[in-house]
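**Student:** Let's see this in three dimensions:
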Amino acid sequence: MKPDVAWNFRPPRSRVHGMADYTTTSTMERLAERIDAADRIVVVTHRKPDGDAIGSALALQRGIGSGKQIDIHLVGPVGRSLIELAGTGAVVVSDEPPAVDPDLVMLVDTGSWTQVGPLSDWLKRQRDADRVIGLDHHPVGDDIATERIIDTTAASCTMMVYRLLKSMGCTIDGARGGAGEAIFAGLATDTGWFQHSNADADAYAMASDLLQLGVDRVRLHRLLEQNASPGKLLLLGRALASIRWELEGRCAVMRLTSADFADAGTGREELEGLVNEPLRVSTVEASILMYEEESGATKISFRSKPPREPGGAFFDVSAASRRLGGGGHVHASGARFDGGLDGAQAAVIKALQSTIGDA
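**Tutor:** Residues are numbered from 1 along each chain as shown. Coordinates of the predicted model:
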């Protein structure tokens, strides 16, 4: 099947790769019991955390309340805006795992071994001691958290955190530095500020509840979306200049080298949102951004548009990313390639062609 025809088909759900039974194994009430019984909790998420990952962690830290030590451990890079959102909370950014064995580990916004990176060995030890519980809204993952809730209908993981906190009777404060602010940040960023197809009625209803609690959406938008360094614009220029059009122009592939970051005078934490830019083009259905990591590996971000009409065709980029060992949502996913940009680009195109060839 030719790529320029086959893109019109979405891969069957039966072709999902990964753990076959990555499903809910617990209840909100049971997770609440585990939290109540723990004095020291460490919250972790996927490497290079986004607004939803950090928002989920912060909401748990701020919402569960006093009487417990709740630490957040992140594997970077972490964007400057998200660090500012965290404020003065107990947040550690390090590739080294926590030095302690807590009473409980909460894994949020992921359940995949490939996404937790250098925390894998530490998490395996915690799992073997039955200390890991999880909340995730992605369809594919592994058995890291033996007690977990998976809700692929949730627009963000922070929506699940909101429901957990509510079930625990916790107060959700919409003021600056409150749990409500963190929940809204995750919900807004994972829905593209309510522009993506996952911004359904439930998402808008929760956003309305949070605004009524006092969340300042204008301040959050400025903090998270209008707070870039000058170097980010230089990176955007380099990325756009590198565009290669693939699959009859329906896919835009961009790349950034280590030299691009050096010339721009900024780090990889400034990449948030760059992958979306080619989607402004009417004929582009999917956009891919590849960049060199300091280790020499290549990080790949995938984005795609929703169908033109309800029930119509679109690129399911999660299927392509899974072929490269990654994962995510149908319109937003990522992967990591153990090699340089040229090899990564060839693998990306092969993955896209194989995916659409499954139809």
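
**Student:** Can you verify my assumption that Val161 contacts Ala59?
**Tutor:** Yes - contact criterion C-beta atoms under 8 Å: Val161 and Ala59 qualify, at 4.7 Å. The C-beta positions use only the backbone N, C-alpha and C, and glycine is treated the same way.

**Student:** Burial check on Ser287, number of neighbours?
**Tutor:** If you count neighbours by other C-beta atoms under 10 Å, Ser287 ends up with 25.

**Student:** meant to ask about Gly312
**Tutor:** Count around Gly312 with other C-beta under 10 Å applied: 10.

**Student:** Gly214 too?
**Tutor:** Gly214, neighbours per other C-beta under 10 Å, totals 13.

**Student:** SS state for it?
**Tutor:** coil (DSSP: H, G, I helix; E, B strand; the rest coil).

**Student:** list the contacts for it?
**Tutor:** Counting by C-beta atoms under 8 Å, 6 or more residues apart in numbering, Gly214 touches 173-175, 178, 180.

**Student:** hmm, back to that, which neighbours do Val161 and Ala59 have in common?
**Tutor:** In contact with both Val161 and Ala59: 183, 186, using C-beta under 8 Å, 6+ apart.

**Student:** can you give me the helices for the stretch 151-300 of the chain?
**Tutor:** Counting by DSSP state H, counting those that start in this stretch, the stretch 151-300 of the chain has helices at residues 157-167, 179-190, 201-212, 217-225, 230-241, 258-264.

**Student:** right, and those helices - which one's nearest Leu135?
**Tutor:** Of all these, helix 157-167 sits nearest to Leu135, with 4.7 Å by C-beta to C-beta.

**Student:** so that closest one versus helix 179-190, what angle?
**Tutor:** Calculated by axes from the mean of the first three to the mean of the last three C-alpha atoms, to 10 degrees, helix 157-167 forms an angle of 150 degrees with helix 179-190.

**Student:** Among the contacts of Gly214, which one sits closest to Asp36?
**Tutor:** Proximity of those to Asp36 (C-beta to C-beta) peaks at Asp173, which lies at 20.1 Å.

**Student:** If we ignore the residues flanking it in sequence, what's nearest the most centrally placed residue in the chain?
**Tutor:** Note on the chain: the residue nearest the mean C-alpha position is Asp50, at 5.3 Å, using C-alpha atoms, centre = their mean. Take Asp50 and drop its neighbours on the chain: the residue closest to it by C-beta to C-beta, 6 or more residues apart in numbering is Thr189, 6.4 Å away.

**Student:** What of His329?
**Tutor:** Counting by C-beta to C-beta, 6+ apart, the residue nearest His329 is Ser318, at 5.8 Å.

**Student:** Any buried residues in the helix or strand hosting the one you found, and which?
**Tutor:** Under the criterion of DSSP states H and E, Ser318 resides in helix 317-322. Using 16 or more other C-beta atoms under 10 Å as the test for burial, helix 317-322 gives 317-322.

**Student:** cool, and stretch 254-265?
**Tutor:** 254-256, 260-261, 264.

**Student:** Now it - C-alpha only, PDB.
**Tutor:** Extracted in PDB, the C-alpha atoms of stretch 254-265 (Å, rounded to 0.1, in the frame of the first residue of the first chain):
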ATOM      1  CA  MET A 254      12.900  18.400  12.000                       C
ATOM      2  CA  ARG A 255      16.200  17.800  13.600                       C
ATOM      3  CA  LEU A 256      18.500  19.600  16.100                       C
ATOM      4  CA  THR A 257      22.100  18.900  16.700                       C
ATOM      5  CA  SER A 258      24.200  19.500  19.700                       C
ATOM      6  CA  ALA A 259      25.900  22.300  17.800                       C
ATOM      7  CA  ASP A 260      22.400  23.900  17.400                       C
ATOM      8  CA  PHE A 261      22.000  24.000  21.200                       C
ATOM      9  CA  ALA A 262      25.500  25.400  21.700                       C
ATOM     10  CA  ASP A 263      24.900  28.100  19.100                       C
ATOM     11  CA  ALA A 264      21.600  29.100  20.700                       C
ATOM     12  CA  GLY A 265      23.100  29.100  24.100                       C
END
